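Asks: What would the 3D arrangement of this be:
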Amino acid sequence: MKQEKIEEICTKIQELFAQTPLSDIRKNLRTILLNNLSDMDLVTREEFDVQTTVLNRAKEKLILLEKRIDQLNSQSVSSRGK
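Replies: This is a model prediction of the structure:
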């Protein structure tokens with residue numbers, strides 16, 4: 001196939017794609033993505049890591065408090081039995 005013919009075919013394909021909605025989507029892809037992502041309730045990685053740290057600390061405190069409650073309950077039960 002001659003180079004001219006190949007160029008002609010490529011040009012026609014590009015023209016066809018330019019006439020489809022796909023062309024508009026490609027042009028507006030950034031706007032579409034930004035609008036859709038802004039509608040989501042997303043957080044940054046840093047915010048996520050901070051909240052994970054806070055949650056882990058709260059979990060540790062809860063475990064300690066549960067152990068303390070168990071100890072107090074055990075003491076209460078044993079003091080009633082005396």
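Asks: sec struct for Val43, please.
Replies: Of the three states, Val43 takes coil according to DSSP: H, G, I helix; E, B strand; the rest coil.
Asks: And the closest residue in space to it that isn't next to it in sequence, which helix or strand is it part of?
Replies: Spatial nearest neighbour of Val43, excluding adjacent residues (Cβ to Cβ, 6 or more residues apart in numbering): Gln51 at 7.7 Å. All C-beta spots, glycine's among them, are computed from the backbone N, C-alpha and C. Element membership for Gln51 (DSSP states H and E) is helix 45-80.
Asks: How far off centre is that helix?
Replies: With Cα atoms, centre = their mean, to the nearest Å as the basis, helix 45-80 stands 28 Å off its chain's centre.
Asks: Glu60: how many residues sit nearby?
Replies: Residues lying near Glu60 (other Cβ atoms under 10 Å) number 10.
Asks: which stretches of the chain have low pLDDT?
Replies: Low-confidence segments of the chain (pLDDT under 70): 1, 23, 81-82.
Asks: at 90 what do you get?
Replies: Across the chain, the ranges flagged by pLDDT under 90 are 1-44, 75-82.
Asks: for the most centrally placed residue in it, what are its contacts?
Replies: Centroid-nearest residue in the chain: Leu42, 6.1 Å away (criterion: Cα atoms, centre = their mean). By Cβ atoms under 8 Å, 6 or more residues apart in numbering, the contact set of Leu42 is empty.
Asks: Domain-wise, how is the chain divided?
Replies: 1-42, 43-82 (automatic domain parsing).
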